[in-house]
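Visitor: Have a look at this prediction, sequence included:
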Amino acid sequence: MAKCPECESDLELDGYELDVGESINCPECSIELKVTGNDPISVSLAPEE
């Protein structure tokens, strides 16, 4: 299970088809995250624009 790198909450992403590079938002702190891996799913903070 992936964890948000900002608030460290568990991200329930099993069952979702996510592509590497896709952006998602943490449901707890709303920060933008980038999917960095598929097996297992991993995320990192999205670069600031």
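Guide: That came through fine. Numbers count the residues shown, from 1 in each chain.
Visitor: wait, what's in contact with the residue most central in space within the chain?
Guide: For the chain, the residue nearest the mean C-alpha position is V43 (3.9 Å; Cα atoms, centre = their mean). Counting by Cβ atoms under 8 Å, 6 or more residues apart in numbering, V43 touches 2, 4-5, 11, 24, 33-36. Any C-beta I mention is one placed from the backbone N, CA and C, and that applies to glycine too.
Visitor: Any chance of JSON lines for those, columns pLDDT and secondary structure?
Guide: Output for those, formatted as JSON lines (pLDDT from 0 to 100; DSSP: H, G, I helix; E, B strand; the rest coil):
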{"residue": "A2", "pLDDT": "92", "secondary structure": "strand"}
{"residue": "C4", "pLDDT": "97", "secondary structure": "coil"}
{"residue": "P5", "pLDDT": "96", "secondary structure": "coil"}
{"residue": "L11", "pLDDT": "95", "secondary structure": "strand"}
{"residue": "I24", "pLDDT": "96", "secondary structure": "strand"}
{"residue": "L33", "pLDDT": "97", "secondary structure": "strand"}
{"residue": "K34", "pLDDT": "97", "secondary structure": "strand"}
{"residue": "V35", "pLDDT": "96", "secondary structure": "strand"}
{"residue": "T36", "pLDDT": "96", "secondary structure": "strand"}
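Visitor: Tell me the one of these nearest P47?
Guide: Ranked by distance to P47 (Cβ to Cβ), the contacts of V43 are led by K34 at 7.7 Å.
Visitor: how about that closest one, what does it touch?
Guide: 21-23, 43-47.
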